[in-house]
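Asker: Here is my input, please return the structure:
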Amino acid sequence: MSIKPLAISFIAFIGLNLTACGSGTKNDEPKQLTPTPTGNIVDNSAVADYRLVIYGNSHSSQLGSIIETLISDQLPNKTIETVTISGRFLDEIAAVTANLEQLEKNTWSHAIFQGQKYSQFGATDYPTHATERLIAKAKSNNITPILFPEHPQRGDPSEAERVYNLHQSISQQELSCVAPVGLVWNRVLDVMPTVELHHADGNHASYAGKVLTAMTFYEIITGELADAIPYNPALQLDQQQQALFGQIVTQVLLEHPACPQS
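Answerer: Residues are numbered from 1 along each chain as shown. Predicted coordinates for the structure are as follows:
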């Protein structure tokens, strides 16, 4: 696997014209998405109470709290609770019985899985069985599983595509939603090349990068459009920057849907 940074900087928003479809009315009952031999995914986007468990390492730091801020502010009729289970890699996390039991003991609506080992340059193939096991366990407990392919390290945009494709291949083995985090980052950096999405180490996310990633998960979890999020000073971003982040998240998810289509 790889690791990433944190900081903020901004370039002026230059005429980006992005469009997205509106979201429709939802029922409060979960609905089944496309069935496959690996099992259905339950769509919990319309539930009244979001309960999110995040399995991951330092790249998931603050993700839960920022998602909580977004959902609490934008969807006041919903409740949101997040818990993070930390470890170095998903194979090590899955090897701890208590971590697996968390998927059975609590009524989670969604589970995010981050920390699949991968080779930065694609020279080594690491087993994905542990990640697949976590996905299967989540689905067996009516939890919506979402894979979190990490953003690319600074200066290596091609890493985003490699890591995204790896997680898509995992989903082909054990059906899961796959968040196009790296693709969102690349699009933002194309439009705003001086924005500091990375921490000083060139690897982890800056605060701005964490907000961008959280906005991606906000739309996947809730089904609400990120480009419809009004300016929120609690996010500590420039108003124009926040608006552009939301537009790009929604556009990329329109082009690369995270979850199988019903």
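
Asker: burial measure for Y118, as a count.
Answerer: 21 (other Cβ atoms under 10 Å). The C-beta positions use only the backbone N, C-alpha and C, and glycine is treated the same way.

Asker: One more: V96?
Answerer: Residues near V96, counting by other Cβ under 10 Å: 12.

Asker: same question, K137
Answerer: Applying other Cβ under 10 Å, I find that K137 has 20 neighbouring residues.

Asker: Can you name the residues that contact it?
Answerer: With contacts defined as Cβ atoms under 8 Å, 6 or more residues apart in numbering, the neighbours of K137 are 100, 103-104.

Asker: Let's see the pLDDT reported for it.
Answerer: Confidence at K137, expressed as pLDDT, is 94.

Asker: ditto for I54
Answerer: I54 carries a pLDDT score of 97 in this model.

Asker: Could you double-check that L90 lies in contact with H129?
Answerer: No. Applying Cβ atoms under 8 Å, one finds L90 not in contact with H129, separated by 10.0 Å.

Asker: The two: which is more packed in?
Answerer: Each of L90 and H129 has its neighbours counted (other Cβ under 10 Å); L90 has more, 28 against 13.

Asker: for the record, mean pLDDT for stretch 254-262?
Answerer: 88.

Asker: Just put the contacts of K137 in JSON lines and tack on neighbour count and pLDDT.
Answerer: Formatted as JSON lines, the contacts of K137 follow (neighbours: other Cβ atoms under 10 Å; pLDDT from 0 to 100):
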{"residue": "L100", "neighbour count": "16", "pLDDT": "91"}
{"residue": "L103", "neighbour count": "21", "pLDDT": "93"}
{"residue": "E104", "neighbour count": "13", "pLDDT": "89"}
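
Asker: wait, which of the residues you listed is closest to P152?
Answerer: Nearest to P152 among these: L103, at 29.2 Å, using Cβ to Cβ.

Asker: Surely that closest one is within a helix?
Answerer: Yes. Under DSSP: H, G, I helix; E, B strand; the rest coil, L103 falls within a helix.

Asker: Name all residues that make contact with it.
Answerer: L103 touches 53, 111, 134, 137-138, 141, 143, counting by Cβ under 8 Å, 6+ apart.

Asker: residue boundaries of the strands in the protein?
Answerer: 31-32, 42-43, 49-56, 79-86, 110-113, 144-147, 177-178 (DSSP state E).
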